[in-house]
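Participant: Build me a model:
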Amino acid sequence: MRIGLAGAGRIGAFHASTLASLEDVEQVVVTDVVPAGASRLAEENGYEFVPDLDDLLSRVDGLVITASTGAHASTLRSALAAKVPTFCEKPVAATLAETVELADLVDKLDVPVHVGFQRRFDSGYRKARDAVVRGELGFVHTVRANTHDQSPPPAAYIATSGGLFRDCSIHDFDVLRFVTGQEVATVYAVGANKGADFFTEAGDIDTGAAVLTLDDGTLVVLSATRYGGGGHDVRMEVMGSQGTIGVGYDDSLAVRSAEAGVDYPRGPQKWSFMERFSAAYRTELAMFCSVVAGQAESPCTVADALEAFRVAEACELSRGTGRPVAMTEIGGSR
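Facilitator: This is a model prediction of the structure:
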């Protein structure tokens with residue numbers, strides 16, 4: 001099959017390389033609003049370059065959207081109009097209202113859309129989900145989750161990212177639903193800045209925390225930061241009445257023990273999300289090819305993305321008002 005790629009930046013180049021390595025992909029076809037970057041990527045790697053998105057859509061079996069966040073919604077609309085199965089990196093849109101609009105549009109059309117929440121394809125998170133489903137942990141009472149970037153992205157990215165909860169913690173919100181099978185009922189979120197001034201200047205935070213209550217009463221403690229200097233640190237602990245399971249506790253764990261005689265973890269650490277989830281990204285895109293081929297349904301829909309976005313919105317509202325926020329206050333409920 002021929003897979004199109006809209007967006008030739010860092011994650012676009014990474015996904016293009018993964019796609020090209022998949023057995024089912026005959027050719028990767030790339031485009032970008034900055035043609036020079038896409039042309040160079042194609043020339044260096046043997047991909048096909050097409051300068052016009054509509055032209056590309058007429059040539060491919062599926063589309064992968066890795067453009068900047070602001071271009072996700074318009075690119076997805078074009079793909080839906082062309083009836084091309086689409087993989088879209090999160091978020092599908094920059095605002096809640098536009099995400100709701102796209103979820104409604106996808107409901108009306110017979111075009112599959114797979115949203116890029118790669119943690120659903122990580123072996124650790126899947127094992128945690130299986131443990132919950134099988135009842136191995138007894139009743140789940142507490143979940144701890146964190147996403148700690150090793151170092152901040154550029155200032156220009158922060159200004160358009162949507163904020164720490166929408167850009168970073170949204171992965172935790174999605175995989176929390178995936179692992180527990182429950183929805184968020186209430187949130188209470190706070191944030192702080194101790195790092196670069198550009199976070200404050202953009203109205204953002206470099207460190208955040210939230211307490212979430214799920215609809216079955218489970219408590220969730222979540223943290224996020226752009227300054228996890230020990231390595232890219234993404235973890236989850238699911239605690240139950242009969243046991244606890246942890247995700248992200250391998251030798252790359254970006255935490256040193258203070259206990260005498262303990263040399264775990266042995267390293268090396270991972271330094272980026274692409275390194276941490278390289279296997280999950282490959283599995284995710286292989287699944288998308290199965291969706292394109294009509295062999296599978298979307299494993300992460302726009303409706304799923306909407307629910308994660310709603311939780312991020314609730315966290316931002318809570319941080320801004322200094323009070324707990326019920327999910328019933330957030331629009332877009334389905």
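Participant: Just give me the longest helix of this protein.
Facilitator: Under DSSP state H, the helix in the chain containing the largest number of residues is helix 302-321.
Participant: Can you mark which positions in that helix are buried?
Facilitator: Neighbour counts over helix 302-321 (16 or more other Cβ atoms under 10 Å) mark 302-319 as buried. (Each C-beta comes from the backbone N, C-alpha and C, glycine too.)
Participant: do stretch 255-275 as well
Facilitator: 255, 265, 269, 270, 271, 273, 274.
Participant: burial of residue 59, as a residue count?
Facilitator: For residue 59, the neighbour count with other Cβ atoms under 10 Å is 13.
Participant: what does the one 5 residues further on give?
Facilitator: Counted with other Cβ under 10 Å, the neighbours of residue 64 add up to 28.
Participant: give me every residue that touches it.
Facilitator: 3, 4, 5, 6, 15, 19, 86, 87, 88, 285, 288 (Cβ atoms under 8 Å, 6 or more residues apart in numbering).
Participant: didn't the fourth one look like it was pressed against residue 68?
Facilitator: No - using Cβ atoms under 8 Å, residue 6 is not in contact with residue 68; the gap is 10.4 Å.
Participant: Pick out whichever of these two has more residues nearby.
Facilitator: Looking at residue 6 and residue 68 with other Cβ under 10 Å, you find the greater number of neighbours at residue 6, namely 27 against 15.
Participant: Which residue ranges of the stretch 51-200 of the chain form strands?
Facilitator: Here the stretch 51-200 of the chain has its strands, by DSSP state E, counting those that start in this stretch, at 62-65, 86-89, 113-116, 140-148, 184-192.
Participant: For the first one, what is the distance to the chain centroid?
Facilitator: Here strand 62-65 shows a centroid-to-chain-centroid distance of 16 Å under the convention Cα atoms, centre = their mean, to the nearest Å.
Participant: Would you give the sheet partners of it, along with the direction of each?
Facilitator: strand 2-6 (parallel), strand 86-89 (parallel) (DSSP bridges).
Participant: Equivalent analysis for the third one, please.
Facilitator: Partner strands and pairing direction for strand 113-116 (DSSP bridges) are strand 86-89 (parallel).
Participant: Also the fourth one?
Facilitator: Under the criterion DSSP bridges, strand 140-148 sits next to strand 219-225 (parallel), strand 233-240 (antiparallel) in its sheet.
Participant: So for residue 32, which of these sits nearest?
Facilitator: Residue 32 lies closest to strand 233-240 among the strands paired with strand 140-148, at 28.4 Å (Cβ to Cβ).
Participant: contacts for the closest one?
Facilitator: Under Cβ under 8 Å, 6+ apart, the answer for strand 233-240 is 119, 124-125, 128, 131-132, 136-148, 150, 171-172, 175-176, 179-180, 244-249, 253-255, 273, 276-277.
Participant: Enumerate every residue touching residue 217.
Facilitator: Residue 217 sits next to residue 141 when contact means Cβ under 8 Å, 6+ apart.
Participant: Doesn't it lie inside a strand?
Facilitator: No - Residue 217: not assigned to a strand; according to DSSP: H, G, I helix; E, B strand; the rest coil it is coil.
Participant: Ramachandran coordinates for it?
Facilitator: Phi and psi for residue 217, reported as degrees, to the nearest 10, are phi 90, psi -10.
Participant: hang on, residue 131 packs against residue 246?
Facilitator: No - contact criterion Cβ under 8 Å: residue 131 and residue 246 do not qualify, at 10.6 Å.
Participant: Point out where this protein drops to low pLDDT.
Facilitator: Across the chain, nothing is flagged by pLDDT under 70.
Participant: Domain-wise, how is it divided?
Facilitator: Listed by automatic domain parsing, the domain ranges of the chain are 2-111, 120-275+308-329.
Participant: Among the ones you listed, which comes closest to residue 298?
Facilitator: domain 2-111 (8.6 Å).
Participant: how long is that closest one end to end?
Facilitator: One end of domain 2-111 sits 17 Å from the other (Cα to Cα, to the nearest Å).
Participant: same question, stretch 48-62
Facilitator: 14 Å.
Participant: If we go by neighbour counts, what in it is buried?
Facilitator: 49, 50, 53, 56, 57, 60, 61, 62.
Participant: Would you reformat the domains of the chain as JSON lines and include distance to residue 293?
Facilitator: Conversion of those to JSON lines gives the following (distance: least, Cβ to Cβ, whole Å):
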{"stretch": "domain 2-111", "distance to residue 293": "7"}
{"stretch": "domain 120-275+308-329", "distance to residue 293": "17"}
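Participant: roughly how far out does stretch 258-273 sit from the chain middle?
Facilitator: 25 Å.
Participant: Same question for stretch 167-175.
Facilitator: Stretch 167-175 sits 6 Å away from the centroid of its parent chain (Cα atoms, centre = their mean).
Participant: What of stretch 40-55?
Facilitator: That offset, for stretch 40-55, works out to 25 Å (Cα atoms, centre = their mean).
Participant: And for that stretch, what's in contact with it?
Facilitator: For stretch 40-55, the surrounding residues in contact (Cβ under 8 Å, 6+ apart) are 4-6, 8, 12-13, 16-17, 20, 27-31, 35, 38-39, 56, 59, 75, 78, 82.
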